[in-house]
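> My questions are about this predicted structure, shown below with the sequence.
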2 protein chains.
Amino acid sequence: MNASDDHRAIGAVSDATVARLPLFLQYLVELAEQGDASVSSERLAELSGVNPATVRRDLAGIGITGTRGVGYDVKYLVHEISVVLGLNQEWPVVIVGVGNLGRALANYDGLTSRGFPVRALVDVDDALLGTELAGVVIEHVRDLPAIVEREAIAVGVLATPSASAQQAADVLVESGVTSLLNFTPEAISVDADVQVRGVDLATELQILSFYQQRSTAARSGTGLPLETTT
Amino acid sequence: MNASDDHRAIGAVSDATVARLPLFLQYLVELAEQGDASVSSERLAELSGVNPATVRRDLAGIGITGTRGVGYDVKYLVHEISVVLGLNQEWPVVIVGVGNLGRALANYDGLTSRGFPVRALVDVDDALLGTELAGVVIEHVRDLPAIVEREAIAVGVLATPSASAQQAADVLVESGVTSLLNFTPEAISVDADVQVRGVDLATELQILSFYQQRSTAARSGTGLPLETTT
DNA sequence: TTCTGTGAAATAGTTCACAGCG
DNA sequence: CGCTGTGAACTATTTCACAGAA
């Protein structure tokens, strides 16, 4: 194992690699659970649907080294990737907006079990205040600064109506939260030092429909509607 | 590439472009609503956070042409991008699994309003059958083939427990659905002609935590050897 | 003039292919 | 042997920079 887990040259890791690490981690955890001690780049590549050389490059890129003729140590991989992704610590979460989506997220234990415990729920609806959901009492958005400090919140999840998303983001950022996960279709703008990722259902579906349309058209040999007769 | 690539206007659109089109569309709709008749690549680039040349290349790539000295016609852009993405038609959706997440999705009107009407809800829990949710009666998974045909379902949304995801996907594909949106953390495998996209909360959060950790380390100057990649 | 459309350069990412370690 | 680690080739994508249309 590496001598200095917390002082790694992570600045050089490419976006493409970072996007694949959670995928690798998922399979590695499965492999670890079923007792596999080591794994080859080929096996991990097969599971993840990428090229073996890509696996080896990714791992080399985050400073992980395997054993020639054998492969990589599964437990070591799990540990090192976790460290690189920052999963050796907890990132307490606040969910802003306790509508349908907020409730679904609060009840989803994949969050807490993976190191993102939902420590607070806030909403603007007075009727909800004091209600308990998934073991957490719903509080008012206006108390966010105190809540963020009290719970050491690291991540804000935006599950508000779109119209309130930017406002909610502003309050979160002012309260000191520097990572946001935005579930609204609204793009939000924040300072450069705040990390934002959006999960937009409509975007996903639109991309899906593009590829679906294309493969359907290809299969049926139909001419494609790009004749801009309009 | 090579000769067999043939005459396929849409087939030539790059993945990177496809991923940006929904983003452009979102801002273009806003611009249209506030009455802007035309937009420059620079303005659209600024809104979307990309390089103006990228905007122009993307648009040229899907056959859209602007007017030199002026810009692009907003309404025309909205229309053409919609056509390319396949949004000039509806894509009826079935949600498989009516737990917390399934309910949240069923109640989310961003789906229906953007051309992805939720036409069916299925589950394996007999207690739910016949219950109405968001105007749709919950049916049993076993009836999927008939449901898919009856409602001309184009997209299946997987909102089941992870353990059932693959099985649900299989049933959907057998029933004739060729686009899947997977909300479970489970990777699912299907035939090559089926489009799958996954929305995994844990993956998003892990990527977020990587970048958060990195920027925090950079700011506090903890001796992290951030390489200058230029 | 302003802003598109696009060669050409720069950069990023992937994959091949093989030397060499265990 | 088998499998990693990586130079080098290849492919994809971004960005510059500028000619030329409106």
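Here it is on my side, so go on. The structure presented is a predicted model; accordingly, all values stated were derived computationally and were not measured.
> Assumed A:Val157 was part of a strand.
Yes. If the criterion is DSSP: H, G, I helix; E, B strand; the rest coil, then A:Val157 is within a strand.
> which SS state does the residue of chain A found nearest DNA strand D fall under?
Among all residues of chain A, A:Gly69 sits closest to DNA strand D, at 2.8 Å; criterion: C-beta to the nearest atom of the strand. Just so you know, the C-beta spots here come from the backbone N, C-alpha and C atoms, and that holds for glycine as well. Under three-state DSSP, A:Gly69 falls in the coil class.
> tally of neighbours for it?
The tally of other residues near A:Gly69 (other C-beta atoms under 10 Å in any protein chain shown) stands at 6.
> In chain A, what residue spans correspond to strands?
Ranges of strands in chain A, per DSSP state E, are A:38-39, A:72-73, A:93-96, A:118-123, A:132-133, A:136-140, A:155-158, A:179-182, A:195-198.
> quick one: buried residues of stretch A:182-202?
The neighbour-count criterion (16 or more other C-beta atoms under 10 Å in any protein chain shown) identifies A:182-188, A:190, A:194-196, A:198-202 as the buried residues of stretch A:182-202.
> Which of those fall in helices?
Using DSSP state H, the subset of the buried residues of stretch A:182-202 located in helices is A:Leu201, A:Ala202.
> Nearest to B:Tyr211, out of the buried residues of stretch A:182-202: which one, please.
Using C-beta to C-beta, A:Gln195 comes nearest to B:Tyr211 of the buried residues of stretch A:182-202, at 4.8 Å.
> contacting residues for that closest one?
A:Thr178, A:Ser179, A:Leu180, B:Leu208, B:Tyr211, B:Gln212, B:Ser215 (C-beta atoms under 8 Å, 6 or more residues apart in numbering or on different chains).
> Arrange those residues in TSV, one row each, with neighbour count, pLDDT and distance to DNA strand C as further columns.
Formatted as TSV, the contacts of A:Gln195 follow (neighbours: other C-beta atoms under 10 Å in any protein chain shown; pLDDT from 0 to 100; distance: C-beta to the nearest atom of the strand, whole Å):
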residue	neighbour count	pLDDT	distance to DNA strand C
A:Thr178	22	94	23
A:Ser179	24	96	21
A:Leu180	24	97	22
B:Leu208	23	96	17
B:Tyr211	19	94	13
B:Gln212	21	93	19
B:Ser215	16	85	17
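> Would you point out the most distant pair within the residues you listed?
Longest distance between any two of the contacts of A:Gln195 is 13.1 Å, between A:Leu180 and B:Ser215; criterion C-beta to C-beta.
> which intervals of chain A have sub-threshold pLDDT?
Scanning chain A for pLDDT under 70 picks out A:1-11, A:219-230.
> Flag every residue of it that's near DNA strand D.
Within chain A, the residues that sit near DNA strand D (C-beta under 7 Å from any atom of the strand) are A:39-42, A:52-53, A:56-57, A:59-60, A:64-72.
> Neighbour count says what about the residues you listed? Which are buried?
For the residues of chain A next to DNA strand D, buried by 16+ other C-beta under 10 Å: A:Val39, A:Ser40, A:Ser41, A:Arg56, A:Leu59, A:Ile64, A:Gly66, A:Gly71, A:Tyr72.
> Could you chop chain A up by domain?
Residue ranges for the domains of chain A, per automatic domain parsing: A:10-85, A:93-203.
> one step back: out of the buried ones among the residues of chain A next to DNA strand D, which comes closest to B:Gly97?
Set against B:Gly97, the nearest of those by C-beta to C-beta is A:Val39 (31.2 Å).
> Up against DNA strand C, what does chain A have?
Counting by C-beta under 7 Å from any atom of the strand, chain A sits next to DNA strand C at A:14-17, A:50-51, A:53-54, A:56-57, A:67-70.
> and with 6 Å instead?
A:Ser14, A:Asp15, A:Ala16, A:Val50, A:Asn51, A:Ala53, A:Thr54, A:Arg57, A:Thr67, A:Arg68, A:Gly69 (C-beta under 6 Å from any atom of the strand).
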